[in-house]
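# Fold the following.
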Amino acid sequence: MNAPKAKKKIKKLTIHGDTRQDPYYWLNDRENRDVIEYLKAENKYTDEAFNAPTKELQTALYDEMVARIPQKEEDVPYFCNGYFYYNRFEEGGEYPLFCRKKTPEAAEEVMLDGNILAKPFAFFEITNWEVSPDNRYIAYAADTVSRQQYTIFIKNLETREMLSEKIVNTSGDLAWANDSQTVFYAVLDDTLRAADIFKHRLEDEQNNDTLIYKEDDATFEVNVAKSKSQKYIFISSESTLSTEYRFLNADTPEDKWQVFHPREKNLEYHLTHQSDRFLIRTNYKAGNFRLMATTPEQTGKTFWQPLTKNKEDVFLDDFEEFATFTCLQERKNGLVYFRVLPLHNEDKGSIIPFQETDYYAYFDDNFDYNSSFLRYSFTSLKTPGAIIDYDINTGKKTIRKREKVIGDYNPEEYITERKYVPSRTGENIPVSLIYKKGLQLNGKSPLLLYGYGSYGINVESVFRSWRISLLDRGFSFAVAHIRGGQELGRKWYEDGKLLKKKNTFNDFIDVSLYLISKQYTTAEGLFAMGGSAGGLLMGVIANEAPKLYKGIIADVPFVDVVTTMLDETIPLTTGEYDEWGNPNDEIYYRYMLSYSPYDNVKKQDYPAMLITTGLHDSQVQYWEPAKWTAKLRDMKTNDNPLYLWVEMDFGHGGASGRFEHLKEIAMEYAFLLTQAGKQK
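Got it, this is the predicted structure:
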């Protein structure tokens, strides 16, 4: 079958005295029947040229991935406000049951059955749910389109009846006041930015919800949340580089909200409540963030008192507050550790150590404010995740659950490594690696290199059972912790954004060259993969270093950078000027144009490529990968395969079911394996 060839309709885009010609701009109009027909034609081509010949392999991959996952599974219960809460899966169930018990021995109460709720929909996701303080009601936010527009529903847990409430077009954030009658929630604007906070009273049939706060600055988003202590409700307005909080006593939802500290450019802070004070994680006079505290009566930054110091080599990632202690999640050399601080005796802190050379640890369900246990999860590329309770009084660790892998998986049969690769600018880039014992590192085996490198988001060394299907077929897997993430502190992020964005791409290429030089693989065996902003990374390396890679997978890729960032009607655009730059300013326009994958497609050979998107994607609109595919198909000078797969029912995150998303992974792995010459 011949590949689809999109029609060309030249659209001239002029700014700063520069004119770009976009032949595929017409694909932006999803209401145009020709657009949908083109997307269907791309899917038909991918089906016939790739999916049909690899059907057996994809089926085998999917079946073995599913076979490793227990059909019946139950979370470790956590205690909160008189109940033990947990989710569980029934055999064959794609979605969880949300459950609770009064005591561990009591009868189970199923609050929500995701399988029943999801039945009418191709996509279904509950992003957030909160039980009222009197334990009578559950409010939950559900998306049935995959566009991250959530509808809030409320159910009476005593009568099992749904209330009349149906609050549409929300971000999913919500918080109960302590009267158990008042709910605060965030509403989206036309660009899907969380812009307004409303107050709702239960069973208000007149729908007279009150606007509490409106965020007029299009570069800020709002959310609402309640402190773990249950004493305060917070509204936060956040942009990339600035934060502003408002707070309200949860006992008095009719009172006036107070500003904690007014927004300032380059001042970020995260606020919560503990005992007689507020805790603040902030970059105020602390590039790598520190923990500070102040009283509810004196909230301006001049009153903030330091509990920890800023450290050049340690980044304060996160913290959990309890009634008698605080736990910090800190990061040094890219690796996480925990530090426990007793209440009002923060100088007496102690470290919770970890043993592996490459791993990830993170806070788990810690909703019980009065607990003397910290619950966290530990995992690595080869170690299935374990949920651990740490007794802060005795230092004892209790493993409450370890991720079960059905079959004969043994982590000791795999080797993990952590390397620090010199970049062209002198910095050392952390790289996490895993491969099966016995694999000869002689340059002959294939390797999949994953990268992201944006928004200060870290790509962590976590176990994924489906990855075994690659490793057992002779692949190595590596993660490049490139600049634009925050693995090595705030500077690592700042050196991979705005006018330093090219460091992100160069770091990935430098890691690729290193892996080849050390004979982990060769250019004929090296594959690259990234999604969203990581898809932008894939687009750049495809243009700049195509001979380094045998194949590239770009999931929901952000590749039409300049056009998107010039269109303020598109979701997320205005809020991201501090990340990418505002192309209305010529210096940013020229810089972004110099790397934008779509604008820099050229007549040259390209690696084999698999590109995915979702018709309902609200974060990277479907037309970016569609236009990019069309241009690549028109410009590339070799016969390497180029496939576009459009999920017509889904958005940015793909399928919502527990097993359904494995079909997407099986498809991607089949692409890697066939390109590597492994047909089984």
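
# show me what contacts Ile352?
Residues in contact with Ile352 (CB atoms under 8 Å, 6 or more residues apart in numbering) are 337-340, 374, 376, 390. All C-beta atoms are positioned from the backbone trio N, CA, C, and that covers glycine.

# and if we set it to 6 Å?
Listed by CB atoms under 6 Å, 6 or more residues apart in numbering, the contact partners of Ile352 are Phe338.

# Quickly list the domain ranges of this protein.
35-66+409-560+597-675, 121-267, 272-403 (automatic domain parsing).

# Any chance of JSON lines for the ones you listed, columns distance to Thr19 and mean pLDDT?
Formatted as JSON lines, the domains of the chain follow (distance: least, CB to CB, whole Å; pLDDT from 0 to 100):
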{"stretch": "domain 35-66+409-560+597-675", "distance to Thr19": "12", "mean pLDDT": "95"}
{"stretch": "domain 121-267", "distance to Thr19": "27", "mean pLDDT": "94"}
{"stretch": "domain 272-403", "distance to Thr19": "41", "mean pLDDT": "96"}
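
# of those, which approaches Ala107 most closely?
Among the domains of the chain, the nearest to Ala107 by CB to CB is domain 121-267 (13.6 Å).

# do you know which of the domains of the chain lies nearest Thr569?
Once those are compared by CB to CB, domain 121-267 is nearest, at 6.3 Å.

# start to end distance for that closest one?
Terminal residues of domain 121-267 lie 42 Å apart, using CA to CA, to the nearest Å.

# For the remainder of this discussion, apply numbering that starts at 83.
Yes, from this point I'll number from 83; that puts the last item at domain 203-349.

# Could you dump the domains of the chain into a markdown table with distance to Tyr106 added?
Putting the domains of the chain into a markdown table (distance: least, CB to CB, whole Å) gives the following:
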| stretch | distance to Tyr106 |
| --- | --- |
| domain 117-148+491-642+679-757 | 4 |
| domain 203-349 | 23 |
| domain 354-485 | 39 |
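
# Do a quick rundown of the strands in the stretch 133-282 of the chain.
Ranges of strands in the stretch 133-282 of the chain, per DSSP state E, counting those that start in this stretch, are 155-156, 160-162, 165-171, 179-183, 191-195, 207-213, 219-225, 232-238, 249-258, 264-270, 276-283.

# The domains of the chain: which one's closest to Tyr670?
Comparing the domains of the chain by CB to CB, domain 117-148+491-642+679-757 comes nearest, at 7.4 Å.

# measure the closest one end to end?
For domain 117-148+491-642+679-757, the first-to-last residue distance is 30 Å (CA to CA).

# Pick the most buried one from the strands of the stretch 133-282 of the chain.
Burial of the strands of the stretch 133-282 of the chain is given as mean neighbour count (mean count of other CB atoms under 10 Å); strand 264-270 ranks first at a mean of 24.

# Give me the angle between that one and strand 276-283.
160 degrees (axes from the mean of the first three to the mean of the last three CA atoms, to 10 degrees).

# Okay, angle between strand 264-270 and strand 219-225 too, please.
Strand 264-270 and strand 219-225 are oriented at 10 degrees to each other (the same axes, to 10 degrees).

# and strand 264-270, which strands flank it?
Paired neighbours of strand 264-270 in the sheet (DSSP bridges): strand 249-258 (antiparallel), strand 276-283 (antiparallel).
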